[in-house]
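# Would you be able to build a 3D model of this:
(2 chains)
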Amino acid sequence: MLECAELYFNVDHGYLEGLVRGCKAGLLTKQDYINLVQCETLEDLKIHLQTTDYGNFLANQTNPLTVSKIDTEMRKKLCREFEYFRNHSLEPLSTFFTYMTCNYMIDNVILLMNGALQKKSVKEIMSKCHPLGRFTEMEAVNIAETPSDLFNAILVETPLAPFFHDCMSENTLDELNIELLRNKLYKSYLEAFYKFCKNHGDVTAEIMCPILEFEADRRAFIITLNSFGTELSKDDRETLYPRCGKLYPEGLRLLAQAEDFEQMKRVAEHYGEYKPLFEAVGDRNGGKTLEDVFYEHEVQMNVLAFNRQFHYGVFYAYTKLKEQEMRNIVWIAECISQRHRTKINSYIPIL
Amino acid sequence: MGSMFRSEEVVLAQLFLPTASAYACVSQLGELGLVEFRDLNASVSAFQRRFVADVRRCEELEKTFTFLQEEVRRAGLPLPRPEGALPAPPPRDLLHIQEETERLAQELRGVRGNHQALRAQLHQLQLHAAVLGHGHGHGPLLAATPMDGPSDLTPLLQPPGTPHRDLRVNFVAGAVEPGKAAALERLLWRACRGFLIASFRETERQLEDPVTGEPAMWMTFLISYWGEQIGRKVHKITDCFHCHVFPFPEEEAARRVALEQLQQQSLELREVLRETELFLSQVLARVQRLLPTWQVQVRKVKAVYLALNQCSVSATHKCLIAEGWCATRDLPRLQEALRNSSMEEGVSPVVHCIPSRDMPPTLIRTSRFTAGFQGIVDAYGVGRYQEVNPAPYTIITFPFLFAVMFGDVGHGLLMFLFALAMVLAENRPAVKAAQNEIWRTFFGGRYLLLLMGLFSVYTGFVYNECFSRAMTIFPSGWSVAAMANQSGWSDEFLAQNPLLMLVPNTTGVFLGPYPFGIDPIWSLAVNHLSFLNSFKMKMSVILGVTHMTFGVFLGVFNHVHFGQCHRLLLETLPELVFLLGLFGYLVFLVVFKWLCVSSAAAARAPSILIHFINMFLFSSSPANPPLFSGQEVVQTVLVVLALAVVPILLLGTPLFLYWRHRRHSPRPSSPLQEDKAELLDAADRDEEKAEGPREPEELVLSEVLMHQAIHTIEFCLGCISNTASYLRLWALSLAHAQLSEVLWAMVMRVGLRLDLGLGVAAVALVPVFAGFAVLTVAILLVMEGLSAFLHALRLHWVEFQNKFYSGSGYKLSPFTFALEDE
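Predicted coordinates:
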């Protein structure tokens, strides 16, 4: 690719970029959140959402309104927008979109396999799957017994296929193996996505690479955090870390050796970017969790992505911001419906 | 027409509506459309207002209506438009409507559900039949299954004596949507490779989809497999693709029996389905009858509650207080309406006007004739409250300026006839209901077009052009015969000179001016164009200066009305001096030369252009004789005067305001007076508002100076550039004349000159004329018409209206139930 997107970007993707920027302008503002928090019932919430870009997306829902209905409808709305973008996109933007959906597809496959393990009905789990990660063969996932089975029979035609190259094994799929599979898949997915953005070059690389680097490092931290006190060996742990972040290679090696949160924090302190994040984490009695801090940082990066023009990052950023907004609304709605108002303000504001 | 001159007086009315009759009152107001409510609860969010529960109920109802409407539409039935007056029903009737709607919706849901289920069942049966029928086509597959013995005749599966005797071949048969068939086949193959044979085939007939009712092809499939485990996998996979799987008897005889059974069942089902459809159509007919009325009524109820949400509640909770703008002329009607609608309750609502600091909205009532012209003005900007409205003058000046650019009798007549047809047909419902946007634009401006056409005919006569040809209505004022006799043109002379000159100074050649417009003889002259150019250019300047001066004069009415008499002296007068002293003088020169310089003196006629340039340079050129004695003195005085008024214009108003401000501000006596005034006002409920206007006006000198400086520069430069801008009248009229001339010469004249036999030429003329007619309409009428329209619009908006019109107001949009666009 030539390094001058401004010359030709708009020929293929100008319309969509304009569209996504318009959509971004419809994200809820601080004032909206202030109003939402004041709502007494979900009906009030609905009325207020009607005055925003959500419009009357709940108009055809029968009473009583529940949080899950709101969530489903919001997801559907995001999905409609995303499908529109995707259907109007040209290469290489459409590949970019495919990469974006892989994320959700991995989650869905894992969800279904877990469900099959627990002998839940497919329908029940299907309703929990993210609509962005739907694909036709998805429901057949539970016929597979080993990862290579899964790959050979079902996923070989899906975009997930290339991520399977180092997960092929004949292990039976128990809970731990599924979790390992998820992380391995995720690792190769992130690395592939990173490579794609890097190869694309130009502004897209400048915007997307830091975002994906952060995503990779976040996963590394979270994996480390979750593996404390489990049977996962340190070597196994290291194989799960995505190797495209800022932590690679030195930080990952150190992380693999970490044994508790304090040690992890010490690793993070070597990196100027992550030091303030870990410092912002509150202690057990209150304050923010590590996850929240990461979310906030992600929101910030995504918002900044809109400051540059002529790149694909805006689509990624918009989807992520919208997801965060949905999480916020669901949080507020849950607080309202459970009459648990003390924590209602701990949503993550989108700047 | 009196109301057209400036917008009507509008007051802020405060309405005390007793709680019991508030609903009836507001609904009555909605029918009449008199008041624009102000939101008194702007700080209260939407869901904390008083009537939010009622609004929500209406929304619920509308949701149900949407459902009913969808159902009716899906059945392909039209929804008639409600007829007659439908007042907003009282709240208790709303309950009734709600009940009825619920019942109807429930009934419909039930029937629709039944219908759907039956259709799905039928679909299922049809699919099953198709799958069973599929077996016939799969003879080879069935036959190819391992067996020995010549059992070709019966495709039964009897695997006696085969080595795999224990491995029974099983079947799964079913149907799948065609889009998924390929994926299903691939997945089956990958998941259980080698252990199954699958055959896919399209159904012979298209089956109606039970949900959408659209016909669609389905793929039936027949999978034969070996082994239990594979069977489980196959079942899982078919489940995941949402296939319909049916039992598939292995013997053909059994299949045939099953098929017959299915056909029997489907026959019965069809019978039931028909009954259900009949019932469904009955329910739908009821919906069809009731729904439109309800929809209108509920929409009104909702509007009423939304309006009531804007009212504040009085301290005693006995009444609602509404505020709204209302035309003074409508106040009696308002009072009467309120009295009538609260007759039953006993307590009558009170209306009184309260003073307000905000600028009231602009209300100009239009008729269907004036609406188009008012629209032109409003498109530029809605006038400030009580500002002089340019629309009444636009009625004449707009079509006239258009016609100056579009002057042609033929084209004008065509336009006039087109507009006349629209005007005559305006009451026909078909014309009114037309949805085409372009047509509606033309239709909305039909009276404008009518006048434009009429004026074009007039200017066409002045230019003496009809489809670019001159008409000889009166005898020409020039005599060629006299010229020939006087100068003794011989035959040879005539043969040698294709161009001859008529000299007006020769006696008898120029008999006198043509009675009306341009002499037709000019159309034969080679200097036709230069003659017309000079004429049209001067005419444009004269029209322009007149138009602009008129605009400046209209400003006088504004100043007088708003009590700013100082601006008369400090702004209008300098402006007039500047405009008339420079450009008015130019017009005077033109007219003077027309009247006083005759053709006898043509050889040494003075040039106006040189004179005008010299006027600014304070010089004179000896080659250019003066028009009248003392001309130089007059010119010098005018230029000095024009320049002298510029500082007055620039500084007059700001200094005057400053001086007045200094004189009026802190004076010992005034607080006392204000106190008194406030005491008087204390009775008024809304103290803050009443107090408002009495606050001493803030005067920021720099700001006023800045504004005035901008205004001055704009006016002085504008006078020059705007005068030049009016030359577009000349340019466009020239372009129009030349285009129609070219069209005539290139199309019609070629056709008329065809040197063929009489009959052939007549036949050939038909397409030629068709081409001429089409091009005339497309290019000269539509394209040229649009461009002339645009330029006329610009002359009004920019050159005329900026002399006096600020257009910074907003329209009064009363609360009304009247449908806007339907």
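# Counting neighbours, what do you get for residue B:110?
12 (other Cβ atoms under 10 Å in any protein chain shown). (Glycine included, C-beta is placed from N, CA and C.)
# What distance do you get for it to chain A?
15 Å (Cβ to the nearest Cβ, to the nearest Å).
# So for that residue, what's the pLDDT?
Note on residue B:110: pLDDT of 88.
# what about it, which SS state?
Of the three states, residue B:110 takes helix under DSSP: H, G, I helix; E, B strand; the rest coil.
# Identify the single longest helix in chain B, thanks.
helix B:252-308 (DSSP state H).
# didn't residue B:15 look like it was pressed against residue B:321?
Yes - Residue B:15 lies in contact with residue B:321 (Cβ atoms under 8 Å); the separation is 7.1 Å.
# centre of the chain versus the longest helix of chain B, how much separation?
Relative to its chain's centre, helix B:252-308 lies at 40 Å (Cα atoms, centre = their mean, to the nearest Å).
# Looking at residue B:15 and residue B:321, which has the bigger crowd around it?
Between residue B:15 and residue B:321, counting by other Cβ under 10 Å, residue B:15 is the more crowded of the two (25 against 18).
# now the angle from the helix or strand hosting that one to helix B:252-308?
Using DSSP states H and E, residue B:15 maps to strand B:10-18. Angle, strand B:10-18 to helix B:252-308, by axes from the mean of the first three to the mean of the last three Cα atoms, to 10 degrees: 110 degrees.
# tell me which residues in strand B:10-18 are buried?
Buried residues in strand B:10-18, counting neighbours by 16 or more other Cβ atoms under 10 Å in any protein chain shown, are found at B:10, B:11, B:12, B:13, B:14, B:15, B:16, B:17, B:18.
# now swap in stretch A:174-188 and tell me
Buried residues in stretch A:174-188, counted by 16+ other Cβ under 10 Å: A:177, A:178, A:179, A:180, A:181, A:182, A:183, A:184, A:185, A:186, A:187, A:188.
# Is the third one within a helix or a strand, and which one?
Going back to what we said before, that points to residue A:179. Going by DSSP H and E, residue A:179 is in helix A:175-200.
# Return the distance of that helix from the chain's centre.
13 Å.
# what's the next secondary structure element after that helix?
Next element after helix A:175-200 (DSSP H and E): helix A:202-227.
# just checking, what packs against that following helix?
Packing partners of helix A:202-227 (3 or more Cβ pairs under 8 Å, 6 or more residues apart in numbering or on different chains; DSSP states H and E): helix A:5-25, helix A:175-200, helix A:234-240, helix A:250-257, helix A:261-268, helix A:290-305, helix A:313-337.
# what angle do that helix and helix A:175-200 make?
Computed with the same axes, to 10 degrees, the direction of helix A:202-227 lies at 160 degrees from that of helix A:175-200.
# Okay, now the unreliable bits of the stretch 101-250 of chain B?
By pLDDT under 70, the weakly predicted segments of the stretch 101-250 of chain B are B:134-168, B:193-194.
# Which residues are in contact with the closest residue to chain A within it?
Per Cβ to the nearest Cβ, the residue of the stretch 101-250 of chain B with the smallest distance to chain A is residue B:240, at 3.4 Å. Contacts for residue B:240 (Cβ atoms under 8 Å, 6 or more residues apart in numbering or on different chains) come out as A:122, A:137, A:138, A:139, A:140.
# count of residues packed around residue B:300?
19.
# Please name the strands paired to the strand holding residue B:15 in the sheet, noting orientation.
strand B:319-327 (antiparallel), strand B:350-354 (antiparallel) (DSSP bridges).
# In terms of helices and strands, where is the closest residue to residue B:728 other than its chain neighbours?
Once flanking residues are discounted, residue B:728 sits nearest to residue B:791: 5.2 Å by Cβ to Cβ, 6 or more residues apart in numbering or on different chains. In this structure, residue B:791 sits in helix B:784-794 according to DSSP H and E.
# buried sites along that helix?
B:784, B:785, B:788, B:789, B:791, B:792, B:793.
# residues in contact with the second one?
Put plainly, it is residue B:785. B:406, B:411, B:415.
# Give me the three-state assignment for the second one.
Using three-state DSSP as the criterion, the local structure at residue B:411 reads helix.
# what about it, how many neighbours?
Neighbour count for residue B:411, taken as other Cβ under 10 Å: 26.
# Give me the below-cutoff pLDDT ranges for chain A.
For chain A, the ranges with pLDDT under 70 are A:1-3, A:59-60, A:168-172, A:283-286, A:351.
# For it, give the residue positioned nearest to chain B.
For chain A, Cβ to the nearest Cβ, closest residue to chain B: residue A:139, 3.4 Å.
# What is the burial count for that residue?
For residue A:139, using other Cβ under 10 Å, the count is 22.
# so who does it touch?
Taking Cβ under 8 Å, 6+ apart, one finds A:112, A:122, A:126, B:239, B:240, B:241 in contact with residue A:139.
# could you flag which of the residues you listed are buried?
Using 16+ other Cβ under 10 Å as the burial test, those include A:112, A:122, A:126, B:240, B:241 as buried.
# Need the phi and psi values for the residue lying closest to the second one once chain neighbours are set aside.
In this case it means residue A:122. Distance criterion Cβ to Cβ, 6+ apart; nearest residue to residue A:122, sequence neighbours excluded, is residue A:139 at 5.4 Å. Main-chain dihedrals, residue A:139, degrees, to the nearest 10: phi -70, psi -20.
# still on that earlier bit, out of the buried ones among the contacts of residue A:139, who's nearest residue B:121?
Using Cβ to Cβ, residue B:241 comes nearest to residue B:121 of those, at 21.2 Å.
# so the residue lying closest to residue B:468 once chain neighbours are set aside, which of the three states?
Closest residue in space to residue B:468, ignoring its immediate chain neighbours: residue B:740 at 3.9 Å, by Cβ to Cβ, 6+ apart. Assigned with three-state DSSP, residue B:740 falls in the helix class.
# so who does residue B:740 touch?
With Cβ under 8 Å, 6+ apart, residue B:740 has these contacts: B:408, B:411, B:465, B:467, B:468, B:776, B:780.
# Residue A:73 now?
Residue A:73 touches A:57, A:58, A:61, counting by Cβ under 8 Å, 6+ apart.
# Residue A:56 versus that one, what's the distance?
10 Å (Cβ to Cβ, to the nearest Å).
# Could you do residue B:495 as well?
88 Å.
# out of those two, which sits in the busier spot?
A direct count of neighbours by other Cβ under 10 Å for residue B:495 and residue A:56 places residue A:56 higher, at 13 against 8.
# which non-adjacent residue is nearest residue 40?
Went with chain A since none was named. Excluding the flanking residues, the one nearest residue A:40 by Cβ to Cβ, 6+ apart is residue A:336, at 7.4 Å.
# not quite, I wanted chain B
residue B:312 (4.3 Å).
# count of residues packed around the one you found?
14.
# same check, this time on the one 4 residues further on
The burial metric for residue B:316, expressed as a neighbour count using other Cβ under 10 Å, is 7.
# That one should be in a helix, yeah?
No - assignment of residue B:316 by three-state DSSP gives coil, placing it outside any helix.
# So what sits opposite residue B:216 in the bridge?
Bridge pairing for residue B:216 - DSSP bridges - gives residue B:207.
# Tell me, please, where in chain B the pLDDT is lower than the cut-off.
Residues of chain B that meet the cut-off, pLDDT under 70, sit at B:1-2, B:46-47, B:134-168, B:193-194, B:344-347, B:665-698, B:819-822.
# What parts of it come near chain A?
When proximity is defined as Cβ under 8 Å from any Cβ of the partner chain, chain B approaches chain A at B:45-47, B:52, B:56, B:59, B:63, B:66, B:180, B:183, B:186-187, B:190-191, B:233, B:236-237, B:239-241.
# which among these end up buried?
B:45-47, B:52, B:56, B:180, B:183, B:187, B:190-191, B:233, B:236-237, B:240-241.
# Just those residues: which are in helices?
Going by DSSP H, the helices hold B:52, B:56, B:180, B:183, B:187, B:190, B:191, B:233, B:236, B:237, B:240 from these.
# Any buried residues in stretch B:443-455, and which?
B:443, B:445, B:446, B:447, B:448, B:449, B:450, B:451, B:452, B:453, B:454, B:455.
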